[in-house]
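# Please find the sequence and the predicted model below.
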Amino acid sequence: MRWLIVLLGVAILAVVAAVVVVLPGDPPEKVSGKAAGAPSKTATPTPSASAFTDPCGTFDNVTRAPYAITGYWITPSTNHCTWRKQMQQVHAVGGDTVIRIGYGLQPRQTDGYGKILKEGELDPRYEPCEEDGVPCVKAAENDLKKLNPDSRIAETYVYRTDESYGDDVFRCEQMERRIRVGKQVFFRLIAPADGSDSASCDFAEQDRDYHLILISAAPDDSLTELLGLGDQFQVKVFPALPLAPRDRDNSTRADPKHIGTLTTLTRRILQDYGVRFAGRESLGGVYQPFEVQMGRTLAKNPTLGVYAGQHDIVEQELPDKPILISPYLDARKRVGFGQTPKDVAEAFKALAKTGVGIIAPQDSRGTGKVGLFWPDERDQEVDERLRPIVGEATYGTAYHGSTRDYYREMAAAREQMIDADYDVELWANVEAFEPSGTEPCQPQGTRGKTDKKRLDAAVAMTGRYVSKIVSYMWSDYMTCGSPSLEDEITKDYARPIAVDAIRRGRDIQDGIEVRGFNLEHGTVTLTWEGGSKELSVDATGWYDDDPLDLPDRMKTAWVPFDWTQAAGGWVKVGVRSPDGLLTHEPLHVRIPT
């Protein structure tokens, strides 16, 4: 029975607090550790295998190795069986969320015949697009001039996708259409250059400049398929919004010149979603794929104007679905653009004001831009896997702060925004790769695989402050190498992970409360200068399977401990499971004298 309860004990939650918190007063009465071994009244048994077979093979929707990370990015695939395989893999390790990598809207030049160019050459993706032998761009302009000879196509944009759309993507049917060329499908959208999308569709009334958006789509809609798989595997899907064109002079910023056209495309796609997927539970929200660095000056970045424009459309067309963004951190001291935790907190507030519903900052450990270390480890040498990025240095020399410092400040900023009536969540995006590797996980690039021990450390650093932990990414990074991260998690998912430890008394006893995953029937291990203790939760304390004061699914364990014997010093807090699995990353806490 114990393993059944363990399966139910994996979750993510945020508890915003300082690194060390002393809580006064007694906690509510809890059952004893021994009594807590019985299943709770709300516990449900692990579902038995529900197998189904289709042309891709036989699959089941059973979660066998639930881990603390519950969401993953996935890349587009032309292979339908790859989608299904990935969904089963994600669900098997406790994932309930997938986030789609997206595509970008691009302004393009055309040749004299109306053929679309890419870097001065004909683009083979769009070259086949013709209507009655006339290139699609030229055909669109001809149709405009039939109604008003002075109208013209002023700008041409392209957008590729593996999705397809219904008729609600069109606003003016006399000018917009679906174009089939062999096995290829194109969508032709035309709108005023300012992105206004006139409701009258009277193209003859006045001469004006128009923008053409030519979409290279798929014959079958991948999102419909993904949402069906989401229903099958109980996974929510976040499709990507169109990515904004980048500023030519600064590729880290969106070009505000194209906001109108981007707004038109976003509105059309979401109108289509709103009709075809209304009430669809597996549509979790939408993902804003344009990444920005979190820093104090972010509020002045024109990209936030692009965010706000797209986000307004989401609120209009999909009012019950949140927008997810995943900006990145850079804590390096030796670069001019490294930011402190306080700087990042200001950026969090600026992002929340754009209307985003979920901010999932990249922990940036995979890129080496932030380090996983505790305050008493600042003078230690950085992990050798970080040296290609920061050189040979101590953590304190290399970084303005640790992962935990940044998420603590962002959690505090979130509370301020909640008080100001901004409904925003804080997630953590844990990067599942290393800056480099002898065997890169992707055909292009040098990033290599990491290990579960390092992922556990990232969970320990971030889990206290966030309501969910997701990871970039499943495709390649979780499945590359031998053993793969997927294999490591499957074999080691039951290892305890502690994310928080606070001083808390019970009756007349001083004690320590540990929060985290897989704590049931565990032994709390305490080590400090001059002493150590191991305290069985069942024998000496209590375990709470359903804490009243914490987000859903977080578990807590309490054991007695006299903090005066370690006052002023650092205490390392770990948990060992009944099977002997010890937390990979002990918490470092200190009680002031």
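Okay, I see it. A quick note: this is a predicted structure, and the numbers were derived from the prediction, not measured. Residues are numbered from 1 along each chain as shown.

# Strands along the stretch 151-300 of the chain, start to end?
For the stretch 151-300 of the chain, the strands defined by DSSP state E, counting those that start in this stretch occupy 152-160, 177-181, 184-192, 209-217, 236-238, 286-288.

# out of the ones you listed, deepest packed?
strand 286-288 (a mean of 27; mean count of other Cβ atoms under 10 Å). The way it works is simple: take the backbone N, C-alpha and C, and place the C-beta from them, glycine included.

# elements contacting the following helix or strand past it?
Next helix or strand after strand 286-288 toward the C-terminus (DSSP states H and E): helix 303-317. Packing partners of helix 303-317 (3 or more Cβ pairs under 8 Å, 6 or more residues apart in numbering; DSSP states H and E): helix 259-276, strand 286-288, strand 323-325, helix 341-352.

# list the helices and strands the third one packs on?
Translated: strand 323-325. Using 3+ Cβ pairs under 8 Å, 6+ apart, the elements in contact with strand 323-325 are strand 286-288, helix 303-317, strand 358-359.

# Identify all contacting residues around it.
Under the criterion Cβ atoms under 8 Å, 6 or more residues apart in numbering, residues 99, 238, 241, 285-288, 307, 310-311, 314, 351, 355-360, 427 lie in contact with strand 323-325.

# for it, the distance to its chain's centre please.
On the basis of Cα atoms, centre = their mean, to the nearest Å, strand 323-325 sits 8 Å off its chain's mean C-alpha point.

# Kindly report the same for stretch 392-406.
Put simply, stretch 392-406 sits 23 Å off its chain's centre (Cα atoms, centre = their mean).

# Dump that stretch to CSV, keeping only the CA atoms.
Extracted in CSV, the C-alpha atoms of stretch 392-406 (Å, rounded to 0.1, in the frame of the first residue of the first chain):
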residue,chain,number,x,y,z
GLU,A,392,37.0,28.7,-13.1
ALA,A,393,35.4,30.8,-10.4
THR,A,394,33.6,30.5,-7.1
TYR,A,395,29.8,30.8,-7.1
GLY,A,396,30.0,34.2,-5.4
THR,A,397,32.5,35.5,-7.9
ALA,A,398,30.5,34.2,-10.9
TYR,A,399,26.9,35.1,-10.0
HIS,A,400,24.8,37.8,-8.4
GLY,A,401,22.7,35.2,-6.7
SER,A,402,21.6,31.6,-6.8
THR,A,403,18.5,30.1,-8.3
ARG,A,404,16.7,30.2,-5.0
ASP,A,405,17.4,33.9,-4.5
TYR,A,406,15.8,34.8,-7.8
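
# That stretch - what's its average pLDDT?
For stretch 392-406, the mean pLDDT works out to 98.

# remind me which residues of the stretch 151-300 of the chain are low pLDDT?
207 (pLDDT under 70).

# try 50 this time
The model of the stretch 151-300 of the chain has no residue with pLDDT under 50.

# Can you tell me how far the residue nearest to residue 513 when sequence neighbours are not counted is from residue 538?
In space, and not counting its chain neighbours, residue 513 is closest to residue 504: 4.3 Å by Cβ to Cβ, 6 or more residues apart in numbering. Residue 504 is 18 Å from residue 538, where distance means Cβ to Cβ, to the nearest Å.

# For the residue nearest to residue 513, grab phi and psi.
When read as degrees, to the nearest 10, the backbone of residue 504 gives phi -150, psi 130.
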